[in-house]
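Engineer: Just to be clear, the model below is a prediction. Sequence and coordinates:
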Amino acid sequence: MKNYLEIHSEVNNALAEGKPVVALESTIISHGMPYPQNVETAKKVEDIIRKNGAVPATIAIIGGKLKAGLSSDELDYLGKAGQEVTKVSRRDIPFIAAAGKDGATTVASTMIIASMAGIKIFATGGIGGVHRGAESTFDISADLQELSKTNVAVFCAGAKSILDIGLTLEYLETNGVPVIGYGTDDVPAFYTPKSGFKADYRLDSTDEIASVLKAKWDMDLKGGAVIANPIPEEFAMDDEIINEAINTALTELQENGIKGKESTPFLLARVSELTGGDSLASNIQLVLNNAELAAKTAVAYSRLK
């Protein structure tokens, strides 16, 4: 493992001392938004985690090394390279590492590398899931399988609303992955606070979340958990506007024959264009909100440990 995994000194020291650490993905940097906004957002997220008592560990693959924690220069490097950096999920990790290439990690690959480093808490925007029309395309994100077997809790604003949220929740239930609504009975729909689907459990404090995670892993119940944190109302999108943009983007996706791991970046970028950038602004705010909750929970979890 030491031949492949490189833990940043700040992160390594925090882990050695039992201090709270929060993992962050890097696909949002290279594929989620344009430069320099992507790097500015990544640094804001790290700052929020620090302000709330935890150490940020942005995950990526650089020069074939699995990185748990990036320097400021490495964040800039990923941001400038943008979509030239390969989007990496579980299946891609050995190929990118063996070839000495760069990789931007998805939710699934971020969970894997975080787990290798000993990090239990991970903040992101939204998880991948079952794509609309999956009954014929079988397009289901590897994020869901990873959640069923890797012991990392994912703090997010629910599944991305370009997906079939109902089927995503069914898939998670089948694989024994709990979906926790933070301060809500309703699973959020990424850009909006409610989806119309109920969370498995509602928890209203970070102490409660930390206690549940500790109990789950103490009992060796494999897999992670989804902590669904609604976007703050002041940053939420109008349901009608966002749904119209998503439906238009989905039609264009089919017309252009875009499939697989290119689907989500295309849809998010197109929805941002169709909403005049409003969806991107909401996306940034929900990531910041999730980072704060994850950091506070990491602090509570470290106290229990």
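Structural biologist: Ah, there it is. Predicted, not measured: the structure shown is a model, and the values here were computed from it.

Engineer: and residue 178, how many neighbours?
Structural biologist: 20 (other Cβ atoms under 10 Å). (C-beta placed from N, C-alpha, C; glycine too.)

Engineer: What residues does it make contact with?
Structural biologist: 200-201, 212, 216, 225-226 (Cβ atoms under 8 Å, 6 or more residues apart in numbering).

Engineer: what sits opposite the residue nearest to residue 65 when sequence neighbours are not counted in the beta ladder?
Structural biologist: Spatial nearest neighbour of residue 65, excluding adjacent residues (Cβ to Cβ, 6 or more residues apart in numbering): residue 6 at 4.6 Å. Applying DSSP bridges to residue 6 yields these beta-bridge partners: residue 67.

Engineer: and residue 6, what does it touch?
Structural biologist: Taking Cβ under 8 Å, 6+ apart, we find residue 6 in contact with 65-68.

Engineer: Which members of these are classed as buried?
Structural biologist: Buried by 16 or more other Cβ atoms under 10 Å: 66-68, out of the contacts of residue 6.

Engineer: Count the neighbours of residue 177 for me.
Structural biologist: Other residues near residue 177 number 22, with proximity taken as other Cβ under 10 Å.

Engineer: Over to residue 98?
Structural biologist: Number of residues near residue 98 (other Cβ under 10 Å) recorded here: 10.

Engineer: just checking, what's the longest strand in the protein?
Structural biologist: strand 55-62 (DSSP state E).

Engineer: And that strand, what does it pack against?
Structural biologist: For strand 55-62, the packing partners by 3 or more Cβ pairs under 8 Å, 6 or more residues apart in numbering; DSSP states H and E come out as helix 9-16, strand 21-24, helix 37-51, strand 65-68, helix 72-81, helix 93-98, strand 103-105, helix 107-117.

Engineer: strand partners of that strand, parallel vs antiparallel please.
Structural biologist: Strands that pair with strand 55-62, judged by DSSP bridges, come out as strand 21-24 (parallel), strand 65-68 (antiparallel), strand 103-105 (antiparallel).
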